[in-house]
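Colleague: okay, here's the prediction I keep looking at, along with the sequence it came from:
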Amino acid sequence: MNLKLQRRLAASILKCGENRVWMDPDELETIAEAVTKEDVRGLIEDGLIKRKPVKGTSRARARIRAIQRSKGRRRGHGRRKGRKTARMPRKRRWIIRIRALRKKLKELKEEGMLETRAYRMLYRKAKGGEFRSVAHLESYIESQKLIKVKSGEKE
């Protein structure tokens, strides 16, 4: 049974593609009798012809992948494009590091563990890029014995 005409007419009425036209498999003889657009409209009203919903693309696999990436998976050498500095620019790395160092220095100064002169000297050294990290800064302060001992305490 050839229902190409009915499918085409229904698609134009329903304003969708021919593949999205659903026809009731039990009523194919009735549908075959419809020859005009008006006949097809009647079948649509009766519910013998319907428009199928749009098929979407599932995000399930993408979500699983995102979860894995958040755990640190799928980030190996084979996944990377561009240099290390393209993924995390030098400037951005510097900003993160210098902010952490300055925050640490400020905390030490406010707690009264650093004298102003020592603070200024360390601040300038940090600006000059002498310290790799906060841990490196702390080890330098310890080795140079720049921390003030509060009164009543002994090291």
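Modeller: Perfect, thanks for sending it.

Colleague: please make it C-alpha for all contacts and neighbour counts, starting now.
Modeller: Noted.

Colleague: my guess is residue 10 contacts residue 40. True?
Modeller: Yes - taking contacts as C-alpha atoms under 8 Å, residue 10 lies within contact range of residue 40: 6.3 Å.

Colleague: got phi/psi on residue 50?
Modeller: The phi/psi pair for residue 50 (degrees, to the nearest 10) reads phi -140, psi 160.

Colleague: ok, residue 48 touching residue 29?
Modeller: No - counting by C-alpha under 8 Å, residue 48 does not reach residue 29; the two are 11.2 Å apart.

Colleague: what is the longest helix along the chain packed up against?
Modeller: The residue-count maximum for a helix in the chain (DSSP state H) belongs to helix 90-110. Applying 3 or more C-alpha pairs under 8 Å, 6 or more residues apart in numbering; DSSP states H and E, we find helix 90-110 packed against helix 116-127, helix 134-144.

Colleague: can you count the residues close to residue 147?
Modeller: Residue 147 is flanked by 17 other residues according to other C-alpha atoms under 10 Å.
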